[in-house]
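S.K.: Any chance you could fold what I've pasted below:
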Amino acid sequence: MKNILCYGDSNTWGFIPASNEERYPVNIRWPGVLNTMLGGEYHVIEEGLNGRTTCFDDPSWPGRNGLTGLFAVLETHFPLDLIMIMLGTNDAKHIFPGKPYACGRAMKQYVRMIRGNGYGPGKGDPQILIVSPVLIKSTVVSDAFDPVTSVEFTQMLGDVYRKYAESLGVHFVDAAAFAEADDADGVHMNADTHLLFAERICKEVHSILDN
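M.R.: Reported below is the predicted structural model:
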């Protein structure tokens, strides 16, 4: 069986747009749909956390720094054939001083933490897929985001992540090329988009792990 780790934020957790932290059921959110699509030879592990950033500590929401939380997750779930990392949306909050390039440098650290530590099959290295998230929309309703600067932040992430993925020799997908946030809150994917997202990622998984 091939083990796939999905490491992300609220769009991996399955946050229902414009809700009070309500969550889509497992058969609706994209990692669960992906697991069904891939079939019994695959095991998809959900590690979505609301508010998770690439590398920033949220002073009002402990435990959201994805970089400091990664080792515990890797130690919990290895061996892993593929690790997908989809983060960056929460870095666009106005309380954080970072630019999109800080997210790219964080991805470099993620790759360094994953490689060479025996988290893959036979104590080797897992495959790594960096996923640039869907764009924040100008309809964003959360006060944590700015309808101008936060939107611009996520618009830049795709190119930044692509360049880092190429330089690091890891796989890359830009979710904004085929999926979008729901207008209801401007951040989270709706049920139809979770399905579309899973279909696209399923093709990517087969391309990476079946060759």
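
S.K.: List the buried residues for the helix or strand hosting Gln155?
M.R.: Using DSSP states H and E, the element containing Gln155 is helix 149-168. For helix 149-168, a neighbour-count test (16 or more other C-beta atoms under 10 Å) marks 150-151, 153-154, 156-158, 160-162, 164-165, 168 as buried. To be clear about C-beta, it is placed using only N, CA and C from the backbone, and glycine gets the same treatment.

S.K.: Let me see the residues that make contact with that helix.
M.R.: In this structure, residues lying in contact with helix 149-168 by C-beta atoms under 8 Å, 6 or more residues apart in numbering are 88-89, 91-94, 99-101, 103-105, 107-108, 111, 128, 130, 132-138, 140, 171-172, 174, 176-177.

S.K.: distance between the helix or strand following it and the chain's centre?
M.R.: Going down the chain from helix 149-168, the next helix or strand is strand 171-174, by DSSP H and E. With C-alpha atoms, centre = their mean, to the nearest Å as the basis, strand 171-174 stands 11 Å off its chain's centre.

S.K.: Just the buried residues of the contacts of helix 149-168.
M.R.: By neighbour count, with 16+ other C-beta under 10 Å, the contacts of helix 149-168 hold 88-89, 91-93, 100, 103-104, 107, 111, 128, 130, 132-137, 140, 171-172, 174, 176 as buried.

S.K.: Output the below-cut-off pLDDT ranges for this structure.
M.R.: Where the chain drops to pLDDT under 70, the residues are 211.

S.K.: Tell me who's in contact with Ala102.
M.R.: Residues near Ala102 by C-beta under 8 Å, 6+ apart: 54-55, 91.

S.K.: Kindly reformat those residues as JSON lines containing secondary structure and distance to Tyr42.
M.R.: Below are these laid out as JSON lines (DSSP: H, G, I helix; E, B strand; the rest coil; distance: C-beta to C-beta, whole Å):
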{"residue": "Thr54", "secondary structure": "coil", "distance to Tyr42": "26"}
{"residue": "Cys55", "secondary structure": "coil", "distance to Tyr42": "29"}
{"residue": "Asp91", "secondary structure": "helix", "distance to Tyr42": "30"}
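
S.K.: Which members of the contacts of helix 149-168 are positioned in helices?
M.R.: Counted as lying in helices by DSSP state H, out of those, are 100-101, 103-105, 107-108, 111.

S.K.: pretty sure Gly48 contacts Gly8?
M.R.: Yes - at 4.9 Å, Gly48 counts as touching Gly8 under the criterion of C-beta atoms under 8 Å.

S.K.: So between those two, which is more surrounded?
M.R.: Set Gly48 next to Gly8 and count neighbours by other C-beta atoms under 10 Å: Gly8 wins out with 24 against 20.

S.K.: Which residue, other than its chain neighbours, is closest to that one?
M.R.: Excluding its sequence neighbours, the residue lying closest to Gly8 (C-beta to C-beta, 6 or more residues apart in numbering) is Met86, at 4.1 Å.

S.K.: what about the one you found, neighbour count?
M.R.: Met86, neighbours per other C-beta under 10 Å, totals 25.
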